[in-house]
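Asker: Sequence and predicted structure below; questions after.
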Amino acid sequence: MVTIKSDREIKLMREACKTALEVQREIEKNIKPGISTKQLDEIAERTISKLGAIPAQKNYPSIYNDVPAFPATICVSVNDEVIHGIPSKKQIIKDGDIVSIDLVICKNGFHGDCARTYLVGNVDEKAKELVEITKQAFFEGIKFAKKGNRLGDVSYAIGSFIEKKGFSVVKEFQGHGIGRQMHEEPGIPNHGKPNKGIKLLPGMTLAIEPMVIQGSPGVVELDDGWTIVTEDGSLSAHYENTILITENQPEILTI
């Protein structure tokens, strides 16, 4: 069931999302060649605590019985890693890398979720284009995130834009509703058909997150049970915001 948030709940969502954005900005300040992904995770955890929130991803259970819960505060996915990268002391950010940071915090019982892909140092033009197209795809999608439209209108706008630009859509993973839970209904694919799916109503809060691949669309899960990488080794980017459906234009809560 898709939840419609009350005015009080929307206020708490705004606070949670503002906090998530502050954490993302603190991480952005510190991404540079030579830093480990584990150090970025530690920065995120300290900042979340300082802001009176908790890291919602830490200890998040796996869908597999034999895979431990997610061990870190944030997902850090570098280059061909699509999503769910586990921070490590051994993984050192290098000049020319692209680094996706996906973070979810919980504050006063509500969640804020956002992801960004950062360019580190001297990044080639094709990688820059990938990151920019991924971000643009989000904004193409939310043009249709309006009262009375269908969820499929959003999904179709994202996917068709990405493919028109010559990149591949990740179809195995999707966005989601968000609120008291990190993952709520509805699921929000980054591809679809217009005029399909649920009708969008004011008070819905949604995490919309294009995941885009430079090469072919296949993905593979690594042995850690979490990290998703591109099948062909090509680069991938991720961009996400939590939004609120209103009576008029959508409100982006994490920007």
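Answerer: Now that the structure is in, tell me what you want to look at. Here the structure is a predicted model, which is why all the values come from computation and not from measurement. Numbers count the residues shown, from 1 in each chain.
Asker: sec struct for residue 137, please.
Answerer: The three-state label for residue 137, taken from DSSP: H, G, I helix; E, B strand; the rest coil, comes out as helix.
Asker: What helices and strands are in contact with the helix ranked longest in the chain?
Answerer: The helix spanning the most residues in the chain, taking DSSP state H as the definition, is helix 7-30. On a contact count with 3 or more C-beta pairs under 8 Å, 6 or more residues apart in numbering; DSSP states H and E, helix 7-30 meets helix 37-50, strand 98-107, strand 110-119, strand 241-244. Every C-beta, even on glycine, is put in place using the N, C-alpha and C of the backbone.
Asker: Swap in 10 Å and give it another go.
Answerer: helix 37-50, strand 98-107, strand 110-119, strand 205-208, strand 241-244, strand 251-252 (3 or more C-beta pairs under 10 Å, 6 or more residues apart in numbering; DSSP states H and E).
Asker: Mind putting those into JSON lines with mean neighbour count, distance to residue 70 and mean pLDDT?
Answerer: JSON lines is the format used below for the helices and strands packed on helix 7-30 (neighbours: other C-beta atoms under 10 Å; distance: least, C-beta to C-beta, whole Å; pLDDT from 0 to 100):
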{"stretch": "helix 37-50", "mean neighbour count": "19", "distance to residue 70": "11", "mean pLDDT": "98"}
{"stretch": "strand 98-107", "mean neighbour count": "25", "distance to residue 70": "11", "mean pLDDT": "98"}
{"stretch": "strand 110-119", "mean neighbour count": "24", "distance to residue 70": "14", "mean pLDDT": "98"}
{"stretch": "strand 205-208", "mean neighbour count": "27", "distance to residue 70": "17", "mean pLDDT": "98"}
{"stretch": "strand 241-244", "mean neighbour count": "25", "distance to residue 70": "19", "mean pLDDT": "98"}
{"stretch": "strand 251-252", "mean neighbour count": "18", "distance to residue 70": "26", "mean pLDDT": "98"}
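Asker: between the ones you listed, which gets nearest to residue 84?
Answerer: Residue 84 lies closest to strand 98-107 among the helices and strands packed on helix 7-30, at 7.8 Å (C-beta to C-beta).
Asker: partners of the closest one, with directions?
Answerer: strand 54-55 (antiparallel), strand 75-78 (antiparallel), strand 110-119 (antiparallel) (DSSP bridges).
Asker: Redo those as CSV? Include distance to residue 168.
Answerer: Compiled in CSV, those are given as follows (distance: least, C-beta to C-beta, whole Å):
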stretch, distance to residue 168
strand 54-55, 30
strand 75-78, 16
strand 110-119, 15
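Asker: among the ones you listed, which is nearest residue 219?
Answerer: Comparing these by C-beta to C-beta, strand 75-78 comes nearest, at 11.4 Å.
Asker: export that closest one as CSV, just CAs?
Answerer: Listed next in CSV are the C-alpha coordinates belonging to strand 75-78 (Å, rounded to 0.1, in the frame of the first residue of the first chain):
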residue,chain,number,x,y,z
CYS,A,75,27.2,2.6,-0.3
VAL,A,76,30.4,3.7,-2.2
SER,A,77,30.5,2.5,-5.8
VAL,A,78,33.5,3.2,-7.9
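Asker: picking up where we left off before, wait, which of the strands paired with strand 98-107 is closest to residue 24?
Answerer: Taking C-beta to C-beta, strand 110-119 is the member of those nearest to residue 24, at 5.6 Å.
Asker: any idea how far that closest one is from the chain center?
Answerer: Centroid separation for strand 110-119 versus its chain: 5 Å, with C-alpha atoms, centre = their mean, to the nearest Å.
Asker: between that strand and helix 7-30, how many degrees?
Answerer: Orientation check (axes from the mean of the first three to the mean of the last three C-alpha atoms, to 10 degrees): strand 110-119 against helix 7-30 gives 30 degrees.
Asker: Surely residue 182 and residue 102 touch.
Answerer: No - Residue 182 is not in contact with residue 102 according to C-beta atoms under 10 Å; the separation is 11.4 Å.
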